[in-house]
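> Sequence below, structure please.
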Amino acid sequence: MTSDKRIKKRIMAGDFEVHVTKRPGQKNIYIRVSPPNGEITVSAPAKISDKLIKNFILGKIPEITKVRERMRKQFRQSEREYVSGETCYFWGVPYMLQVIYEGRRCMIQRVPERIIMTVPEGTPLEKRKSLLTEWYRRELKHMLGILLPECVKRVGVKINSCNIRNMKTRWGSCNISRERILINLQLVKKPPECLEYVLTHELVHLLEKNHTNRFKSLMDKYYPAWREAKRILAEMPLDHLQK
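From the prediction side, this is the model:
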């Protein structure tokens, strides 16, 4: 048991291993299937029995199987070497990476159809990776400076901070008590409407904690195109996942 009285455990429901968190004060059971391999997590009221949780999961087997199958079929890019000829996505558009070895400066330029990386001769892979990653981070931060105030005003909430993190299983997250949100760095590679959808999603959590019918109604109100943006996120190529 943790200091905030949450109870965490693993249980088996049929052939599925499930990560369960029981929380005092929670009223309903919520289930999440996370990419890339369909890990199942459940959030449940503290007093509910493991047997009831298992029965709940078993009743959701068709939906879980469908989601896991879709995740496994979604195209994922091969491991990046950050060399000329690789494809780099930027706001949903594929660009060809061109690496030029010259001079002493490291820089990134975007031109029609290409992202040009200029680095000194002998620059190692990790340095090339870091250079592109930080360029992506700056570009995402710039877009957040435009979209975030619009989304905050539209939803009618306030936040204390919005930070960027490279996350494996979530496009965003919201710390409701601290009024802070996190945005996945990988969103810089998706169309801007996907970023707007995730921002709105996390902000709406400040009005409705869980993914209830009210939550969906609020999403319909504040970003009517959210279902299409969610579909795009589910269909676009994913980055290579480091094991």
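
> now the residue nearest the centre of the chain: how far from residue 21?
Relative to the mean C-alpha position of the chain, the nearest C-alpha, by CA atoms, centre = their mean, is the one of residue 171, at 1.4 Å. Residue 171 sits at a distance of 20 Å from residue 21 (criterion: CB to CB, to the nearest Å). The way it works is simple: take the backbone N, C-alpha and C, and place the C-beta from them, glycine included.

> cool, and residue 111?
Computed with CB to CB, the distance linking residue 111 and residue 21 is 48 Å.

> re the thing from before, ok now do the residue nearest to the centre of the chain, which residues does it touch?
Residue 171 makes contact with 183-184, 186-187, 194, 198, 201, 233, according to CB atoms under 8 Å, 6 or more residues apart in numbering.

> Of those, which one scores lowest on pLDDT?
Model confidence across the contacts of residue 171 bottoms out at residue 233, which has 86.

> What strand or helix carries that residue?
According to DSSP states H and E, residue 233 maps onto helix 226-235.

> And residue 146, by the same measure?
Here residue 146 is covered by helix 125-155, with elements defined by DSSP H and E.

> Which positions in that helix come out as buried?
By 16 or more other CB atoms under 10 Å, the buried positions in helix 125-155 come out as 128, 131-132, 135-136, 140, 143-144, 148, 151-152, 155.

> again with stretch 32-47
Buried residues in stretch 32-47, counted by 16+ other CB under 10 Å: 33-35, 38-40, 42-44.

> From those residues, pick the one nearest residue 211.
residue 43 (10.5 Å; CB to CB).

> I'd like the distance between residue 57 and residue 211.
Summarising the geometry, the distance separating residue 57 from residue 211, computed by CB to CB, is 17 Å.

> Check residue 15 too.
Remark: distance between residue 15 and residue 211 (CB to CB) = 25 Å.

> hmm, back to that, which one of residue 111 and residue 21 has more residues nearby?
More neighbours surround residue 21 than the other of residue 111 and residue 21, with 16 against 9 (other CB atoms under 10 Å).

> Out of all residues in the protein, which is the farthest from the middle?
If you look at how far each residue of the chain sits from its centre, by CA atoms, centre = their mean, the farthest one is residue 103, at 36.8 Å.

> name the element that residue belongs to?
Element membership for residue 103, per DSSP H and E: none, as it lies in no helix or strand.

> For the least confident helix or strand in the chain by mean pLDDT, name the packing helices and strands.
Least confident helix or strand, the chain: helix 61-73 with a mean of 78, by mean pLDDT, DSSP states H and E. In this structure, helix 61-73 packs against strand 30-34, with contacts taken as 3 or more CB pairs under 8 Å, 6 or more residues apart in numbering; DSSP states H and E.
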